[in-house]
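Visitor: The following block contains a protein sequence and its predicted model.
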Amino acid sequence: MHGHDRADYFEDETLGKAFDARLVKRLLQYLKPYRWRVVLAVFLLLVTSASTLAWPYILKHVVEVLVNAGISEAEQIHSVGILAAILAGLLLMQFVSEYLSALLVAILGQRIMYDIRMRVFSHLQRMSLRFFDRNPVGRLMTRVTNDVETLNQFISMGVVTTFQDFFMLAGILIWMFAINAELALLLVVTVVPCIVGATLWFKTKSRKSYRGVRVKLARINAYTNENITGMRVVHLFNRQDRNLAEFSGRSRDFRNEWFRAIFYHSIYFPSIEMLATVGAGAIVIFGGSRILEGAISLGTVVAFLFWTGMLFRPIRDLAEKYNIMQSAMASSERIFKILDTPEEIEGSKEPLSLAAFRGRIEFENVWFAYNDEDWVLKDISFTVEPGQKIAFVGATGAGKTSIINLICRFYDIQRGRILIDGKDIREIDKHELRRKIGLVLQDVFLFSGDIKGNICLGDDKIGDEKVARVAEHVNAARFIRRLPDGYDSEVQERGATLSVGERQLLSFARALAYNPAILILDEATSNIDTQTEILIQDAVEKLMKDRTSIVIAHRLSTIRKVDNIIVLHNGEIKEQGTHAKLLRQKGIYWRLYQLQYKNSSLQPAAGPSSDEETPAELPEIEPDIGDDQWPENP
C-alpha cells in the first residue's frame, strides 16, 4: 500500500483539531432554516438558568426572616409564605422551561441530523463509480450513520446547551459578587485556579484516550466485518481458533484503552467534587467567622453554599462537551470531505435530447485509463449500427467491461469521442442516456424486498401486469410461480435465497421491463447449469430482438450468431468480423476456438467456405476459456 493510500485508509485514526472555526461555521449553516427555533431554545435555557440561579437568593431571605428576632411570629409566617410561593413559582418555571427546551433541542437535533444525512446520501447517489472505487463501503456507511449521529450530539448537546453553561457560570459569579464580593473573591482565588488546572489536564489526557478508543473500535469493526464476510473461507481452512485469538487481542487492546479513559474520568470528576467540598468548607469557615463578627448574615452564607455547588456543574459539563466537540470536528471534517468531492461525471449545461433515439454507437480513437496514464483502452474505434448485435472477446483485463462502463458513462474518457446517434456522449444528459440502456451483469445485484420490487425497481409506471408479462417472456415466471408468495415472495439481501440462474432470469426481466433500446450483456450466461442455460439463452434471444446489443462472453458458442465479433487484447482491437470470418483468418479467435477443444476428440476445421457456414463437427456448447489459455503472442 502506498504511503498516501495508507494515510487515507486510516483517516479515521487522525486526531485533527479540537476546535476548527471553519468547520463550526459550516455546521452552523444547518441551523439557519431553524433559526427561530434555536432562538426559542436558547431563550428557554436562559429562563431555566435564571430561575435556577434565583432560588438560592430567595432561600437567603427565608433564612434571614427565620433568624430575625426583631419581627413577630405572624410576620415571619407571612413573609415565609410569600417567599415560599415565589420559590415554588421559580421551581415550576424551571421545570416547564427545562422540559420545553430539552424537547425543542432534541427535535432540532433530529431535524438537522436528517438534513445532513439526506444531503450526504444524495451526494453519494450522484458520485461516479471512480469515487466508490477509492472509498470502501464500510467507510461510507460510517459517514452516513455514525458521523452524522456525532454531529447530532454536537448540535443538540453542544452548541445550544453551551450557552446555558456559560450563562450559569457568569450568572453565579455576578450573583456572588453582587451579594458579597469578599466571599466571592475568596472562592475565585482559592478554588477556581485548581479547577482550571484539573480541567486542562483532563482535556489533554481524555483527548488522547478517546482517540485511542475510536481507533481500537474501528479496528475491531473492520476485523469483524472481514471475518463474517469471509466465514466460508474461515470454516474451510479451520481458522476459527486463530481468528478468535486475533480478535481477542484486538478486544483486549480496546478494553485497555477504555480502562485508560475511565482512569482519567475517575480522577477528574472526584477531584472536582473534592474541590467543590473544599470551596464549601472555605465558605463555611470564613463566612462563619464573619457572621460572628456581624459582617454578613447567615442567609448570605447559605446562598453562597448553594451557588458554590452550582458553580462546578457547568464546569463538569463543559469538560464533557469538549470530548463531544472533538469527535464532532473529526466527523464533520470527514463528512465535508465527501460533500466537497465534486461530481466527476458532470452533466452538460445544455444537454442534447435523445427523443428520436436509434441506438447507433461510435467509438472514435478512444483512450481510457482508471489511473493516470495506465491505459486500459488504447485508440479504440468501432461502430455499432442500430439493431446490430456485436460481441467482445478477450482475456480478463483486456478492456471489455471498460467499454461497457464508458457506453453507460460511468467513467469519462481521456482522449477521443464516444457518439450515440452522432452526438457526443458528454453532451447528452446522463440520466436520459442510461434510461435507454439495459445492462445485465454476471454478478446480479438484487435488493432486499420482494420479487416484484426487484423487477420494477419501484417504478410506478411498471404495473403488476407488465411485471408478470416480462417475467413470462424471459422464462422467469416458471420459478416465481413455485415460490410461496409468487411475485410478493421475499428477497433477502443480495438475493441470498435464490440460485445464480434465478437471479440472472430476474435481471433479464428487469431489463425488459424498462424496454431499453440498447442491451448490454456482460458475462450474463456464466456460472449456470445446462438446464438454466437453455432458459437463459432463450431469454437472451428474446431480449436482443430488434435492439442494439452488445455481448461479452467467454463461451464462444453464445456469440456465434452476432453480426460482428471484436477481439480485444491488452486494450487494443486485434481482430473483428463474423464468427466464420474470424475462423478463416486463423488468428487469435481461431486459436481460442481450438483451445476450447484441446481435451475434445473433435477439432475445429480449417474454416468454413463462406461467412454463413460454421464447422459442422463442432458441438453447440463449449467449455469456458480460462485466462491461462489466452494466447500470449497474438
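Guide: Arrived safely, thanks for sending. Everything numeric here is computed off the predicted structure, so don't read it as measured data.

Visitor: Quick check: which ranges of the stretch 351-500 of the chain have low pLDDT?
Guide: Residues of the stretch 351-500 of the chain meeting the criterion pLDDT under 70: 494.

Visitor: repeat for the chain
Guide: For the chain, applying pLDDT under 70 flags the ranges 1-19, 69-70, 138, 347, 494, 524-533, 557, 596-634.

Visitor: now the strands for it?
Guide: 361-369, 375-384, 389-393, 415-420, 423-424, 437-441, 449-450, 490-491, 518-522, 548-552, 564-569, 572-577 (DSSP state E).

Visitor: out of those, which comes closest to Q110?
Guide: Ranking these by proximity to Q110 (C-beta to C-beta) places strand 449-450 first, at 26.5 Å. Quick note: C-beta positions are derived from backbone N, CA and C, even for glycine.

Visitor: Who does that closest one pair with, and is each partner parallel or antiparallel?
Guide: Counting by DSSP bridges, the strands paired with strand 449-450 are strand 490-491 (antiparallel).

Visitor: what's the spacing between the strand it pairs with and its chain's center?
Guide: 24 Å (C-alpha atoms, centre = their mean, to the nearest Å).

Visitor: Surely V65 and G81 touch.
Guide: No. Contact criterion C-beta atoms under 8 Å: V65 and G81 do not qualify, at 10.3 Å.

Visitor: So these two - more neighbours on which side?
Guide: Neighbours were counted for V65 and for G81 using other C-beta atoms under 10 Å; V65 has more, 18 against 10.

Visitor: Leaving aside the residues adjacent along the chain, what's closest to that one?
Guide: Setting aside the residues directly before and after it, V65 is nearest to S79 in space (C-beta to C-beta, 6 or more residues apart in numbering), at 4.7 Å.

Visitor: quick one: that neighbour and R232, what's the gap?
Guide: S79 is 81 Å from R232, where distance means C-beta to C-beta, to the nearest Å.

Visitor: Between the two, which is the more surrounded one?
Guide: Set S79 next to R232 and count neighbours by other C-beta under 10 Å: S79 wins out with 17 against 8.

Visitor: Could you measure from that one over to E149?
Guide: When S79 is compared with E149 (using C-beta to C-beta), they lie 52 Å apart.

Visitor: tally of neighbours for Y593?
Guide: Count around Y593 with other C-beta under 10 Å applied: 21.

Visitor: Test my guess that it contacts L583.
Guide: Yes. Judged on C-beta under 8 Å, Y593 makes contact with L583 at a distance of 6.4 Å.

Visitor: What values do phi and psi take at N475?
Guide: phi 70, psi 20 (degrees, to the nearest 10).

Visitor: let me fix that: A476
Guide: Main-chain dihedrals, A476, degrees, to the nearest 10: phi -80, psi -20.

Visitor: Counting neighbours, what do you get for the closest residue to it other than its chain neighbours?
Guide: Spatial nearest neighbour of A476, chain neighbours left out: L505 (3.9 Å); criterion: C-beta to C-beta, 6+ apart. Look at L505: counted by other C-beta under 10 Å, it has 26 neighbours.

Visitor: list the buried ones in stretch 438-452?
Guide: Judged by neighbour count (16 or more other C-beta atoms under 10 Å), stretch 438-452 contains these buried residues: G438, L439, V440, L441, Q442, V444, L446, D450, I451, K452.

Visitor: and that stretch, C-alpha only, in PDB?
Guide: Extracted as PDB, the C-alpha positions of stretch 438-452 are listed here (Å, rounded to 0.1, in the frame of the first residue of the first chain):
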ATOM      1  CA  GLY A 438     -30.400  -2.200 -20.300                       C
ATOM      2  CA  LEU A 439     -27.400  -3.700 -18.500                       C
ATOM      3  CA  VAL A 440     -27.300  -7.300 -17.400                       C
ATOM      4  CA  LEU A 441     -24.200  -8.300 -15.400                       C
ATOM      5  CA  GLN A 442     -22.800 -11.700 -14.500                       C
ATOM      6  CA  ASP A 443     -23.000 -10.800 -10.800                       C
ATOM      7  CA  VAL A 444     -26.600  -9.800 -10.500                       C
ATOM      8  CA  PHE A 445     -27.400  -7.400  -7.700                       C
ATOM      9  CA  LEU A 446     -30.800  -7.800  -6.000                       C
ATOM     10  CA  PHE A 447     -32.300  -5.500  -3.400                       C
ATOM     11  CA  SER A 448     -33.900  -6.800  -0.200                       C
ATOM     12  CA  GLY A 449     -37.700  -6.700  -0.700                       C
ATOM     13  CA  ASP A 450     -39.800  -8.800  -3.000                       C
ATOM     14  CA  ILE A 451     -39.700 -10.300  -6.500                       C
ATOM     15  CA  LYS A 452     -41.900  -7.700  -8.000                       C
END
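
Visitor: Please shift the residue numbers so they start at 43 in all later answers.
Guide: Let's use 43 as the start, then, which means that last one is stretch 480-494.

Visitor: Quick one: residues contacting the residue nearest to A518.
Guide: V516, N517, A518, F521, T574, L577, I578, A581 (C-beta atoms under 8 Å, 6 or more residues apart in numbering).

Visitor: next one: K431
Guide: M586, T590, S591, I592, V593, K603, V604, D605, N606.

Visitor: Mind picking the one among those residues that's closest to L228?
Guide: Distances from L228 to the contacts of K431, taken by C-beta to C-beta, are shortest for I592, at 85.9 Å.

Visitor: That closest one: what's it in contact with?
Guide: Shown in contact with I592 (C-beta under 8 Å, 6+ apart): 403, 426, 431-434, 445-446, 449, 560-563.

Visitor: now do 6 Å
Guide: Counting by C-beta atoms under 6 Å, 6 or more residues apart in numbering, I592 makes contact with I432, I562.

Visitor: Ok, I309 next?
Guide: Counting by C-beta under 6 Å, 6+ apart, I309 has no contacts.

Visitor: Out of the contacts of L547, which comes closest to L215?
Guide: A518 (75.4 Å).

Visitor: Correct me if wrong: the closest one contacts R552.
Guide: No. In this structure, A518 is not within contact of R552 by C-beta atoms under 6 Å, at 9.4 Å.

Visitor: ok, the two, which is more surrounded?
Guide: A518 (29 against 24).

Visitor: what's the more buried one in contact with, if anything?
Guide: L547, L548, A551.

Visitor: how close does M155 get to G500?
Guide: Counting by C-beta to C-beta - M155 and G500 are separated by 25 Å.

Visitor: The two: which has the busier surroundings?
Guide: Between M155 and G500, M155 has the larger neighbour count (other C-beta under 10 Å), namely 19 against 9.

Visitor: Name the nearest residue to the more buried one, sequence neighbours excluded.
Guide: N194 (3.9 Å).

Visitor: Pick the one among the contacts of K431 closest to S374.
Guide: Nearest member of those to S374, counting by C-beta to C-beta, is I592, at 44.1 Å.

Visitor: Tell me the spacing between that closest one and L598.
Guide: Where L598 is concerned, I592 sits at a distance of 16 Å (C-beta to C-beta).
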